[in-house]
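> have a look at this prediction, sequence included:
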Amino acid sequence: MKMIVCVSENYAIGKGNGLLFSLPPDMKLFRETTMGKVIIMGRATLDSFPNGAALKNRVNIVLTRDKSFSRENVLAFNTVEDILEHIKKYPSDDCYVVGGAEIYKLFEPYCDEAVVTKVKKTVDADKFFFNIDENDDWEKYYESENMNHEGIDFVFCRYRKI
């Protein structure tokens with residue numbers, strides 16, 4: 001299983017249930033990486049998508065405490081263990097944890113790779129990703145050249161669990 005995330009220099013990922021950055025190259029990477037794959041998220045992340053709808057051409061899996069939660073084209077589960085059991089039917093490389101902060105934390109022990117867009121800017125936020133660069137369990141094995149969109153510098157990185 002993998003994680004895909006966009007972080008600031010201070011590992012911020014969100015504020016007020018919204019994304020911090022709208023970078024077309026990052027959105028394209030997300031779309032191309034997850035298309036036809038399984039995406040695992042929390043209910044708040046699903047709610048942050050346009051119209052709160054499942055993303056097309058993906059298996060959308062949501063972890064929620066609400067046992068009665070139901071949404072079109074979404075598979076809802078109430079425990080991490082239930083999701084881990086369900087996704088056994090898919091290739092591990094086809095499963096992506098897409099947020100939010102609590103979901104990344106819960107599924108990180110089961111992930112072996114992370115696709116990280118790193119924005120070279122520190123921002124105010126209320127949701128954070130763990131500092132993967134200072135975590136001894138992870139190593140960066142790829143970093144793109146610097147890119148810029150409307151004055152915002154960023155790079156694409158890939159990490160693997162050691």
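Now that the structure is in, tell me what you want to look at.
> contacting residues around residue 54?
By Cβ atoms under 8 Å, 6 or more residues apart in numbering, the contact set of residue 54 is 46, 60, 71-74. Using the backbone N, CA and C atoms, a C-beta is placed for each residue, glycine as well.
> show me what the top strand by length along the chain is packed against.
Assignment by DSSP state E gives strand 152-161 as the longest strand of the chain. When contacts are defined as 3 or more Cβ pairs under 8 Å, 6 or more residues apart in numbering; DSSP states H and E, strand 152-161 packs onto helix 24-34, strand 113-119, strand 138-143, strand 147-149.
> these into a markdown table, with extra columns for distance to residue 105 and mean pLDDT?
As requested, the helices and strands packed on strand 152-161 are exported to a markdown table (distance: least, Cβ to Cβ, whole Å; pLDDT from 0 to 100):
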| stretch | distance to residue 105 | mean pLDDT |
| --- | --- | --- |
| helix 24-34 | 20 | 97 |
| strand 113-119 | 13 | 98 |
| strand 138-143 | 14 | 98 |
| strand 147-149 | 28 | 97 |
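> among the ones you listed, which is nearest residue 64?
Closest of these to residue 64 is helix 24-34, at 19.8 Å (criterion: Cβ to Cβ).
> quick one: buried residues of the closest one?
Buried residues in helix 24-34, counting neighbours by 16 or more other Cβ atoms under 10 Å, are found at 26, 29-30, 34.
> need the helices and strands packed on strand 152-161 in CSV (columns: distance to residue 87).
Listed next are the helices and strands packed on strand 152-161 as CSV, based on distance: least, Cβ to Cβ, whole Å:
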stretch, distance to residue 87
helix 24-34, 14
strand 113-119, 15
strand 138-143, 21
strand 147-149, 32
